[in-house]
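[1] Sharing a model that was predicted from the sequence below.
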Amino acid sequence: MRRSTAYTPRSKVSYIVLGLMMGIGLGLLLTTAIFLLARLTAPAPAPPPSPFPSPSLPPTDGAPFSTPPIPSPSPLPTVPSPLTYTVREGDTLWDIAARFDTTVQALQAANGLSGDLIYPGQVLVIPSSSAPIPTPSPLSAPLTPVVAVWRPSILEGNLEAAYPVTFPAGRFTLHYAPDTEAARHAQEAAGRVAQALEHIEHLLGVRLEGPFDVYLAGTLFAPPDLALRGRSFSARRQLFVLYDGTGNPADQQYIITHELTHLVAWNTLGRPSSALLSEGLAVYAGMTHIADSAHLPPEAFCTAYQRAGKLPRISAVLRFEGHIYDLPNYYAAGCFVRYLVETYGMENLKAVYPSSDYRGLYGYSLADLEREWTARLEANPFPLPFPPDDLVRATAAVDQAYEDLFSRFTGTPAEFARYRRVDAARLALLEGRLQDVWACLDPSAPCIFP
């Protein structure tokens, strides 16, 4: 028999208590929800008062309020950048002044220039009152500083590319690069070559048959030929002359005549038998061509070197690597050849040139002829306007200045400026202006430029 459970009052009370508890819990949940909703919808509390006073705003008279615009700050005054121009090859102060509608004097004053010398890569300040005048070139010239690039001239290689402009000049053809100092003076150079050819042919009593080519180098030659001012390739009938704006008219004429003598003598007298005779004849021809110039004759140098006990021995093997480095050797050879011509005649010199047969033609050995020549030099010295040792020291100083410069030459504007001062010293030396030599070698002293 299954046992039944009777309903009692205690069980009923328990259900009542449980119901009350559930009602209280629902009420609490509802109250909490109402409180949270009120917090979310309530306005944010006012911020604490600021310690700084707030600006007063004008009344709007019922119109919507708008924030007044904040005025932008006035721009600071700016100093205009100076207009500049970077010098190109072939430029002159006159050209630049005409391009920018100014004067040479104004350019000199704006850039602290005391003369007309400028160099490629130099940045010039254009006076502020000047306005650039458009050039007809489709590409405007750059007016901002650029890095100077030195494009050296070449003696061998692709000559057509390096000297693309040709100028037929009768018996020879001139070659040069455009926009260079050589291009600006091509007609002048052609005239000097023609004069040199006439002088050499008359001096030697010969006639050069056939054409030849002359290359005008508008910049220094590439290393190792930096110190050369000219070079002749006689068998190829090619003549190279530095025409970069340095030197002076007499110096240019001498170099052209000197180098052309090599070409003419080789192709008329024959291949030279020695560097002594080849360079000696070229010096003799060149110096007789400019005998009326301010240049000292080689005899002045030979006299000074002999009295100083430093006259080169022509019977020894001498170095001939350009007038800049070996000027005493060149001039000693020139003095000796002049002595041979004046003593024994040009015909004997023309015969000894390709043979070096001194004994057969003169009856003496080279050493005997050297002693004879130095004895005559001592008996008939050239009158010197300065102590002999001063000329020797000045010559050595110019030589050293070139060696110091060219040993690490890269073509910077500063190096080109130094190069032109040293070249001015070289010209002063050749003309016997020894004080000017030292002034031009001193970077802080004023220098007289040609």
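    All right, it came through fine.
[2] buried ones in stretch 217-230?
    217, 218, 219, 220, 221, 222, 225, 226, 227, 228, 229, 230 (16 or more other C-beta atoms under 10 Å). C-betas here are computed from N, CA, C, even on glycine.
[3] Please name the residues that touch residue 306.
    Residue 306 is in contact with 374, 377, 378, 381, counting by C-beta atoms under 8 Å, 6 or more residues apart in numbering.
[4] next one: whichever strand or helix holds it to chain centre, how far?
    Here residue 306 sits within helix 298-307, counting by DSSP states H and E. Averaging C-alpha positions (C-alpha atoms, centre = their mean, to the nearest Å) puts helix 298-307 35 Å from its chain's average.
[5] for that helix, what is the average pLDDT?
    Averaged across helix 298-307, pLDDT comes to 97.
[6] Can I get it as CSV, trimmed to CA atoms?
    Below are the C-alpha coordinates for helix 298-307, written out as CSV (Å, rounded to 0.1, in the frame of the first residue of the first chain):
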residue,chain,number,x,y,z
PRO,A,298,116.9,83.4,-74.6
GLU,A,299,120.4,84.9,-74.3
ALA,A,300,119.3,86.8,-71.2
PHE,A,301,118.4,83.5,-69.5
CYS,A,302,121.6,81.8,-70.8
THR,A,303,123.7,84.7,-69.5
ALA,A,304,122.0,84.6,-66.1
TYR,A,305,122.3,80.9,-65.7
GLN,A,306,125.9,80.8,-66.8
ARG,A,307,126.9,83.5,-64.3
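[7] about what we covered before: of the contacts of residue 306 - the most surrounded one?
    Highest neighbour count within the contacts of residue 306, by other C-beta atoms under 10 Å: residue 377, with 21 neighbours.
[8] From what I see, it and residue 303 are in contact.
    Yes - with contacts counted by C-beta atoms under 8 Å, residue 377 reaches residue 303, the gap being 6.5 Å.
[9] Nearest residue to residue 344 in space, please, no chain neighbours.
    The shortest distance from residue 344 to any non-neighbouring residue, by C-beta to C-beta, 6 or more residues apart in numbering, is to residue 362 (5.9 Å).
[10] wait, residue 378
    Closest residue to residue 378 apart from its sequence neighbours, by C-beta to C-beta, 6+ apart: residue 306 at 6.6 Å.
[11] ok so, going back, redo the contacts of residue 306 as a markdown table? Include secondary structure, pLDDT and distance to residue 212.
    Below are the contacts of residue 306 laid out as a markdown table (DSSP: H, G, I helix; E, B strand; the rest coil; pLDDT from 0 to 100; distance: C-beta to C-beta, whole Å):
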| residue | secondary structure | pLDDT | distance to residue 212 |
| --- | --- | --- | --- |
| 374 | helix | 97 | 37 |
| 377 | helix | 95 | 36 |
| 378 | helix | 95 | 41 |
| 381 | coil | 94 | 39 |
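[12] Can you tell me which of those residues lies closest to residue 164?
    Of all the contacts of residue 306, residue 164 sits closest to residue 377, with 48.1 Å by C-beta to C-beta.
[13] Tell me who's in contact with that closest one.
    Residue 377 neighbours (C-beta under 8 Å, 6+ apart): 299, 302, 303, 306, 335, 339.
[14] Show me which of these are buried.
    Here, 16+ other C-beta under 10 Å leaves 299, 302, 303, 306, 335, 339 buried among the contacts of residue 377.
[15] I'd like these laid out as CSV, including distance to residue 414.
    Output for the buried ones among the contacts of residue 377, formatted as CSV (distance: C-beta to C-beta, whole Å):
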residue, distance to residue 414
299, 38
302, 37
303, 38
306, 39
335, 38
339, 44
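[16] Between those residues, which sits nearest residue 405?
    Nearest member of those to residue 405, counting by C-beta to C-beta, is residue 302, at 27.2 Å.
[17] What's the separation between the closest one and residue 211?
    In this view, residue 302 and residue 211 are 37 Å apart by C-beta to C-beta, to the nearest Å.
[18] which element is residue 110 on?
    helix 104-111.
[19] Next: residue 320.
    Using DSSP H and E, no helix or strand contains residue 320.
[20] quick one on the thing from earlier: what's the residue nearest to residue 344 in contact with, if anything?
    Shown in contact with residue 362 (C-beta under 8 Å, 6+ apart): 340, 344, 348, 352, 369.
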